Structure formats: C-alpha cells, structure tokens
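>>> Sequence first, then the predicted structure:
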Number of protein chains: 2
Amino acid sequence: MRKNPKIEVINIGSELLLHKLNTDITLISNILLKHSFRISKCIIVGDSKEEIKKAIENSFRETDVLIITGGLGPTFDDLTREILSEFFNRELIFNGEIWEKITDRFKKRGVEIPEINRKQAYIIDGSYVIENEVGTAPGMIIEEKGKLIIALPGPPGELKPMLEKSIKKINEKFPVETTRMVKFSISSVPESVVETKLKDIFEKEENEKLILAHPNLIEIIFFFPPSIYDKKVKQLDGVLKERFGENYLGINPPALPELIGKILKEKKLKIAIAESCTGGLTCKLITDIPGSSEYFQGGFITYSNILKKRTLKVKKTTLRKYGAVSKEVAIEMAKGAKKQGKADVSLSFTGIAGPTGGSKEKPVGLVWIGIGLPKNKYKAYKFIFSGDRQTIRERAVQTGFGLLRQEIIKNEK
Amino acid sequence: MRKNPKIEVINIGSELLLHKLNTDITLISNILLKHSFRISKCIIVGDSKEEIKKAIENSFRETDVLIITGGLGPTFDDLTREILSEFFNRELIFNGEIWEKITDRFKKRGVEIPEINRKQAYIIDGSYVIENEVGTAPGMIIEEKGKLIIALPGPPGELKPMLEKSIKKINEKFPVETTRMVKFSISSVPESVVETKLKDIFEKEENEKLILAHPNLIEIIFFFPPSIYDKKVKQLDGVLKERFGENYLGINPPALPELIGKILKEKKLKIAIAESCTGGLTCKLITDIPGSSEYFQGGFITYSNILKKRTLKVKKTTLRKYGAVSKEVAIEMAKGAKKQGKADVSLSFTGIAGPTGGSKEKPVGLVWIGIGLPKNKYKAYKFIFSGDRQTIRERAVQTGFGLLRQEIIKNEK
C-alpha cells in the first residue's frame, strides 16, 4: 500500500501578514480533507520575490503536491507566474483563448479592459489550465519530476471551485490506496474525561489518530486504510454510543447548528432565539446555514433591559428582584422568544461577557442559558466560562446548542 | 538607520492543518504590528518532529527573531522543548519554582496534578523564562548567534499576554530606529477608484506602502522612518481628506462598528438593528465591542415574515405588494426597529443571501439596506453583492455600517 502523497501549501499575499488572516488555508485544508488528503505544511509569505522563490524551492524538494495560492493578479506585485516560469525553466506563452475570456468578462461588466490584465493570459508552457469562472486569473497545473505544482488565485470564491477541479488531477497522478478519515464528535464532555474514557481505544489503535478540542465539542479523528475502514468505523461507533450516550453526535456529524437544524426539520419544530450577552452570535451561526429559514423564525437581541421588557415581556419585577443575569430572566426570555417568535422551542442567553461589569456574586463569565420546549416546559442552566469576551460568548453559544440538542431529544422520549 | 529585524513565525499543531485554522497567526501579526514589527514568513506544521526540526533549522538561518508557538503542552506529541534543546545543544533543566507554580494552579482547581505535567517545568539551559499566568506551560526566550528564539504556548489566551511581554526583549535586542506604520482607511469607495485617485502619491512615495481591500473598506498602509513620520502623516491626512471627503475615516481608525459606536456615544444617540438576510451578523459585530450596551438597544432578527409583521410592524400589504426583499420593507423594518427598539437611529437589512431563493428580478446577492435617522427620516439603498452566502452577508453588513456612518454625519450638518 502506498501512502498519501505529501502535500504542501504556499500562500502568497502581504495582506496575510499584516492584517486578518484570510481563509485560504482553512478552505484548502477542508476541501482536501473531504478527499482524505492532509496538508503536511503551510507557508505564508508576502509579495517578496526572493521569499516566494525560496519557499517554492524548499517545498518542491520535499513534497509530492505543491499548492500555491495568490500572486496571479494583474498588478506589478503579482509574481507567481514569473517565478514559476523561471524556476521550472519554462516559457510563458500567450493564450488567445484565455485572453478572449478575460476580455469578455470585462465587457459584460461594461468596463474597458485595462492593459495590465493581459499578463493573466500568459500560461506556463506545457501546463494544464484550470478555468476561472468567477474571476480573471486562470489556474495552472505543472507536472515536473513526478510532482504536481498547482497554482491558483487567492480569493476564496475563485480558489474554492478551482481547487475542487484540481483534486481530480491529484487523484489521477496519485491513484493510491489512501487512508480515509473518519470523525466522531462528542458534545458537553470535557476533553480529559473523553481521553480517560477512551484510553484503551487510543492505546490499542495503531492507525493515526487525533483529538481536537473545540468550545463544548471534542472531535476524535482516525485515519484508516480503506480495507478496514468500514469495519473499524462500525466498531468505534458502537463503543462511542455505549460510552457517551446522548453526548455522542455520530459519524462525521455536521457542526451543532446544522445538526440542530436537521433535528428541527425532522421533528417539524420551529425555533426562536433570545440573546443578551451573546449579542447575535447564536442567530448568526444558525443563519450561516443555507435553508435555515425552514425552521428559524427569528431572534430577539435584547441587549438593553428596555427591550427585554418590551419585546420579550420579561417582567419588570423579575428584573428588579433577580437582576438581568439570573435564572428567572433566562427563563422569561426563553418564554418570550417562544411566544413572540411563534416557535415550538427556544434558546436564551443572559450573562456577563466582560471585560467589565462583573461583581463578586456575578463574575465576568457567568451565563444563564434558558431553554424552551414544547408543552410549556422551560429549563435554565448556569455556567461560569473563562476566557476573554469573545471566548466567553463563543463558549456560551456552543454550550447552549449542546444543551438544546439534548433537551429536544430527551423531551421526545 | 537600521531596518526592522526580520521576524518569522512557526506555528505548531496538527489541528491547524486539519480543521479550523486557529487565530495564533492573526493574533501575533496584530500584536507585532502595534509595535511596528512585521512578520516576513509564517510556517504552519503538524506535530511531526522531523517537520518541526526542518522548519526551525530553515527559519533560524534566515531570520533575526523566530517566534514558535505550540508544542509546549504536557502530552507525548508536544515536542518543541525537546527539539529546541537538541537543536541548540542545550540541556533541559528542571526548575523547581515553575513546578511549584504549575502545582499551585492545579491545587486551586482542586485537581490532582498529573505526572505528565512535570515535563512543563523543564527549561532550556540559559533561556529567559516568560511566565504563563493563564495556563501551565511557561514560555522561553533563547539568545543564540545574535538572534532571538521565542517559544510560546499556542492557546490564544495564553499566547497573547506572553507575546506582549516578549516584545520588550525584541526591542532590547534590536534597539533600532524602526520604521513606523500608519494606516488610513477609506470606506464605500471601490479599490480601483482609490488607486486611480492616489496614483500620484503611490508613484512618488518611496517608502514601503500597501493597499488592502476589505468588504467596503480600503486600507492604505505606509511605513515611515520616525524622523519623517509626523510630517508625512499630516501631509497624507490632508490629501486624503481633500480627495475622499466623508469617505475618509482618518489616521489609524478603528473598524467601522467601533467607529460608529464612538460617533453614537459622542452624539448621545441609541441604535437598534433589524436584520433579515444578515441573520444576526450586524448585532454580533456591534456587540463584539466592550461597552456597546451604552448605545446599542438591541436587534430584531426577523428571519420569517411572521416576525417582520409581529415585532417590527411591517404591514402585511407591503409584504404582499412588494415582497420581503424590497425598498418598502427595508424602510418599514428600519422604522419598526427605531420605534420598537426605542432608538434614535436604526439600520435594516433584507435580501437574498443564497445559494438558493433568487429569481430573475431578485437575484441572489440583492440586498436592500434601510437607515432610520432622527427627526423621522428614512432612507433605503439597493445593492447587488457577488460572492457566496457568507461573502454577501459580510459585504452587506459592512456596506450598511459605511452608509449609516455617513448618513449620521450628513444628518447633523
């Protein structure tokens, strides 16, 4: 059996080093993983010719597949094409067909094509062209010394479909019996408990494995050869079901918001959300999912007490007696969301995300999560999360999703 | 004048390559930038001893400062300590004081300390220890051949304060007249227009410069030597004010949600938000900012038409006649948000984020943005954004922030 081809990624663009990391690497990693490929190394460099050359030189020596993103634009600091041409000692050849396509794209937008874009119609001699249906820069695949060099544009919207197309070439070049990945997820159980409960499994299993900890979610990943994949997955699925019960989310499950969406659709339930400290993050994560309008009625971001009273009908006396961050308010928020939102289930958050606003009795990180269920059932849970403002918010929302899923399942039984 | 020290980052952790890229690199880049340092290269590798060694070897040769994050944990696959010890041929020495601190940390949590954590009390001979006040792994700074190697733990909450502490050491070692960064931002103007309007500036300016395009925001960055910094910044500030008027956001301005927060606080205005297609993202971005409760009343995520009618009082006849994605509904949503939210200004979004739900007249990407201003003034703007679901949502929200800022400023005049 042959092993997976070694894959390295070079991501080019000075923005990356300066500001917000773009999503290229995550995107590439996720697409490759879907096809059971892993990346062994990523290098992020600026638009410096010297650095890019050095990175390509080093990676080309080490890897089977080299994916290069960025630097295919039309401006003076887009250098990938020229560097590859030099490095592989292959000419850049003008391609009339590509030039026509680029020209067409500008025509359709009613814009005259700048002369600098002409550069994008030059293709490395002997390379395989990957069409760009979203932007102007075509991609290229070069074969050299039994290796593949895949050059793609950086903008995620262009990169994504073009990388999907390139996978075919990787599979053709490395028609291997690769290992296949499987992911099992467990929600609402601490990492150390998961590790302890699965100690025997981890010790026995000789194939590659990984534990990844996310807020309120542990992912366990294995890589198995195809010959034993099905058997192993079935066996582990049984073990996890037995040891983690409702906390076990299954084989290759989607993230919690999507999983909850599936359950709601299945059970024909509609949901509404009431958020205070989480400030819209819950609704945002639910509506990240296409088609969420099927089960998501809407949300109430009642950041001020006025709105808690006005839109969710939280009682003035409750707010006065217990304070906004309390079990009672969490429950009244969940009630208000269900009723005002004409929903069957609801989820509410009230807490102190910090960095200020905490007290001895109600410290930063304290969050009450309320849950509304069919048949007028309401529950609330108290948590004290650690971390900064963003971490506390993220942990609260993910914990809320975990609780909601379990309560819906329990309630049905 | 000496140039900035060259800085490279090696980020260790197999999670990075598998799943969601963590925030380490963005974090490091932002902290360094605050101190006018730039990163020239980042390398992301898994927990493979061979890969980590090779990365350290290559980077050590090239750089002045090498920041290594991750791999300082207690488990078998945390290898940074051992690899550095081997590479620099320096012993690992048990440090009783650190061991006591780690033990204390566990005691406080009422947990018995696992023997494996003992490993974290070993320090590379002759290195400078950076205390970890959030987690267990201490950081280390090694000086060798006039270079600094800074090893820090990966979790962002630990990395952040420890990197801040390390900056002092970088400044001591490279007491240089570095170049200083300045950022100017321009909102609601296409990149090509900014480039054209500033062509003369870019051609003349010999210092390093960069243009970064974000959704609805262009950042122009310059690096100037301290001797001319103030003069240059003042001069450019004048030019940009003159050429871009209200679209110019100023010198090193915060991001739009924070900038809007400042304006609202200054003018003592409260805001409420109504979101349909953007699904909570606007509220999330506003409440990312600590202290936003001072001006943010709350939001209405009226994803379903029922909620548009019930909570925002959008008229049934308006919905029927014009459809949910229309100028009329955007304006009624802005009205409803202002009134129901007891606010002075409001911002509303209704559109089609896709990937499905579009038609010939109302394609995916169509978004109406409504704005409510004091004195009962309402406006709405139509956009057709391109990109996938997330991009359309992000662009819509940032465009809305840009419009809102301008309308508030105009309205006051």
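Here it is on my side, so go on. Worth saying up front: this structure is predicted, and the values here are computed from it rather than measured.
>>> all helices in the stretch 201-350 of chain A, in order from the N-terminus.
For the stretch 201-350 of chain A, the helices defined by DSSP state H, counting those that start in this stretch occupy A:226-244, A:256-266, A:281-287, A:305-312, A:316-322, A:327-340.
>>> of all those, which lies closest to B:H35?
helix A:281-287 (30.6 Å; C-beta to C-beta). C-betas here are computed from N, CA, C, even on glycine.
>>> who touches that closest one?
A:257, A:260-261, A:271, A:273, A:275, A:292, A:296, A:298-299, A:301, A:347, A:349, A:393-394, A:397, A:400-401, B:275, B:278-281, B:283-284, B:301, B:303 (C-beta atoms under 8 Å, 6 or more residues apart in numbering or on different chains).
>>> can you tell me which of these are in strands?
Taking DSSP state E, the ones among the contacts of helix A:281-287 that sit in strands are A:271, A:273, A:275, A:296, A:298-299, A:301, A:347, A:349, B:275, B:301.
>>> Kindly reformat the helices of the stretch 201-350 of chain A as TSV containing mean neighbour count and mean pLDDT.
As requested, these are exported to TSV (neighbours: other C-beta atoms under 10 Å in any protein chain shown; pLDDT from 0 to 100):
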stretch	mean neighbour count	mean pLDDT
helix A:226-244	14	96
helix A:256-266	18	96
helix A:281-287	27	98
helix A:305-312	21	96
helix A:316-322	13	97
helix A:327-340	24	98
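>>> can you list the ones in strands among the contacts of helix A:281-287 in TSV and add pLDDT?
Below are those laid out as TSV (pLDDT from 0 to 100):
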residue	pLDDT
A:I271	98
A:I273	98
A:E275	98
A:F296	98
A:G298	98
A:G299	98
A:I301	98
A:L347	98
A:F349	98
B:E275	98
B:I301	98
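>>> any idea which of these is closest to A:K410?
A:L347 (15.0 Å).
>>> what's near enough to touch that closest one?
Here A:L347 is in contact with A:271, A:273-274, A:282, A:334, A:337, A:369-372, A:400-401, A:404 (C-beta under 8 Å, 6+ apart).
>>> just to revisit the earlier point, please tabulate the helices of the stretch 201-350 of chain A in JSON lines, including the columns distance to B:A330.
Output for the helices of the stretch 201-350 of chain A, formatted as JSON lines (distance: least, C-beta to C-beta, whole Å):
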{"stretch": "helix A:226-244", "distance to B:A330": "47"}
{"stretch": "helix A:256-266", "distance to B:A330": "27"}
{"stretch": "helix A:281-287", "distance to B:A330": "18"}
{"stretch": "helix A:305-312", "distance to B:A330": "20"}
{"stretch": "helix A:316-322", "distance to B:A330": "32"}
{"stretch": "helix A:327-340", "distance to B:A330": "22"}
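>>> can you tell which of those helices is closest to B:I102?
helix A:226-244 (29.9 Å).
>>> Up against chain B, what does the stretch 201-350 of chain A have?
Counting by C-beta under 8 Å from any C-beta of the partner chain, the residues of the stretch 201-350 of chain A close to chain B are A:210, A:212, A:214, A:219, A:221, A:272-273, A:275, A:278-288, A:290-293, A:296-304, A:306-307, A:310-311, A:340-342.
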